[in-house]
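Colleague: turn this into a structure:
(one chain, ligands or ions: 1)
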Amino acid sequence: MDSQTENPQQIEAGRLAEAFRLFSQASEDLAGAYTSLQEQVAGLTAELALANGRLKQEIAEKTALTERLALLLDALPAGVAVLDAFGRVEQANPAAASILGADIEGRVWEEFTSSCLAPTTTPGEWEMPRLRDRRIAVTETRLASSGGRIVLIHDVTEAHRMKTLAARNDRLAAMGEMAAGLAHQLRTPLAAALLYAGALENPRLPEGERTRCGTRVVERLQHLERLIRDMLTFARGEASGGESIPVSELMAEAVQVFEPLARRREVAFVVADDSAGAAVSGSRKALSGALVNLMENALDACASGGRIELAAGLADGAVCIRVRDNGRGMDAATQARLFEPFFTTRAEGTGLGLAIARGVARAHGGGIEVESAPGAGALFRLTLPAVVTNPAGATEQLQPMERRATCLSH
Ligand code: ADP
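Modeller: Presented below is the predicted three-dimensional model:
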């Protein structure tokens, strides 16, 4: 019997059988997929449990670390403040409150510092006039991730007091050594002045001779006066005044004093100011005096037709002022004694100019160095820390300068 002869019931039964077969097939597939899914779920659950375990352990470790850090912060003798990206103090440890004499949490750091801190001549160090001139050192580190900052605050009042005391003791010791030298320095011009003054007593002295002796007396007395003035400057030593002085102003003042002197001696004078608006902090009078002294020495070393260069630049957070001449230069022995009080090779010199200049540079946290050779001129470098107007960024500039000051000043 062919398909055309099959009756409808047979056809329906065939279809049903086929449908049943397909259904059984689908059921088997589904059962297989279900089993595989169950296996996957079991695998994932196991992985999740593992990850959860690790996470719990990490959380426990982090909690322990946070506790340790919190304890450490509380116990630290230095003040620590955490600032957010807007400069507001998010967190401060007890030492910060105790050093600053105020609870600074929630306050804007810059507002607090500008109302309570006064700058000192040492970059990065500030005085707190409200707290009996407590002195603090402030250093900052940027937090790259949050844009905030961590501020470290140290109470350096005692360290500064000891430093000042040590500097004063050093000066007193140096003064003691100098006393003998001074007596000698005073005796020579005094003896000469007495000699000329004695000659003036002679009634038979010709008029021309009388005038010459009178001039000599005045010259010797002026020399004595200069010597005593330099001695006093050296003895005072301190960099009084915490004024912020633009380097270009310092240069302009020195040029104003020096240009006529150079012109009179027919020495070319070249100025290059690359200080890019930088400033230094301290005593304007002392710094400009030190600079003019370097230039006067250069002028003294140059013959007519010589050349002196005055240049200022910035490097590593420090201002460097250079005075270069093409004069007679110095041998190594002279260079080794340059900064000794009373060391001079000039008949009219007091030998205190460079001792004072070095004292001034050191009192401002800087130094002076020299490069020279006989017949090859001399280059004096006066290096000073560039000033910052608020605690932000003070350390980046202070640290390299401190290193430089130690190797330049001796
Ligand atoms: P003074 O100028 O009174 O001699 P200073 O302390 O200023 O005292 O200088 C000490 C000595 O250093 C000078 O007498 C001189 O011998 C030497 N000196 C300083 N600057 C120069 C220079 N630019 N060139 C050569 N010698 C110098």
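
Colleague: which residue ranges of the stretch 251-400 of the chain form strands?
Modeller: Secondary structure of the stretch 251-400 of the chain (DSSP state E, counting those that start in this stretch): strands at 268-273, 279-282, 307-315, 318-325, 367-372, 378-385.

Colleague: gap between the closest residue to Gly306 other than its chain neighbours and the ligand?
Modeller: Leaving out its chain neighbours, the residue that sits closest to Gly306 by CB to CB, 6 or more residues apart in numbering is Val267, at 4.7 Å. All C-beta atoms are positioned from the backbone trio N, CA, C, and that covers glycine. Separation of Val267 from the ligand (CB to the nearest ligand atom, to the nearest Å) stands at 12 Å.

Colleague: contacts only, for Val267.
Modeller: 299, 302, 304-308 (CB atoms under 8 Å, 6 or more residues apart in numbering).

Colleague: could you identify which of those has the most neighbours?
Modeller: Within the contacts of Val267, most neighbours by other CB atoms under 10 Å means Ile308, with 24 neighbours.

Colleague: that one reaches Glu296, doesn't it?
Modeller: No - with contacts counted by CB atoms under 8 Å, Ile308 stays clear of Glu296, the gap being 10.1 Å.

Colleague: pLDDT score assigned to whichever residue of the stretch 201-350 of the chain sits closest to the ligand?
Modeller: Closest to the ligand within the stretch 201-350 of the chain is Gly349: 2.6 Å, counting by CB to the nearest ligand atom. pLDDT recorded at Gly349 is 84.

Colleague: got it, and the one 10 residues further on?
Modeller: Here, the pLDDT recorded for Gly359 equals 86.

Colleague: name the residues of the protein found near the ligand, please.
Modeller: Residues of the chain lying near the ligand by CB under 6 Å from any ligand atom: 293, 297-298, 301, 325, 327-330, 334, 338, 343-346, 349-355, 378.

Colleague: for the helix or strand containing Arg15, what is the distance to the chain centroid?
Modeller: Element membership of Arg15 [criterion: DSSP states H and E] is helix 8-75. Distance of helix 8-75 from its chain centroid, counting by CA atoms, centre = their mean, to the nearest Å, is 62 Å.

Colleague: list the strands paired with the next helix or strand after it, with their directions.
Modeller: Counting by DSSP H and E, the element after helix 8-75 in chain order, helix or strand, is strand 79-83. Paired neighbours of strand 79-83 in the sheet (DSSP bridges): strand 89-92 (antiparallel), strand 149-155 (antiparallel).

Colleague: to Pro77, which of those lies closest?
Modeller: strand 149-155 (8.3 Å; CB to CB).

Colleague: just the residues of the chain next to the ligand: which are in helices?
Modeller: Judged by DSSP state H, the residues of the chain next to the ligand include 293, 297-298, 301, 334, 353-355 as members of helices.

Colleague: most surrounded residue in these?
Modeller: Ranking these using other CB under 10 Å puts Ala298 first, with 27 neighbours.
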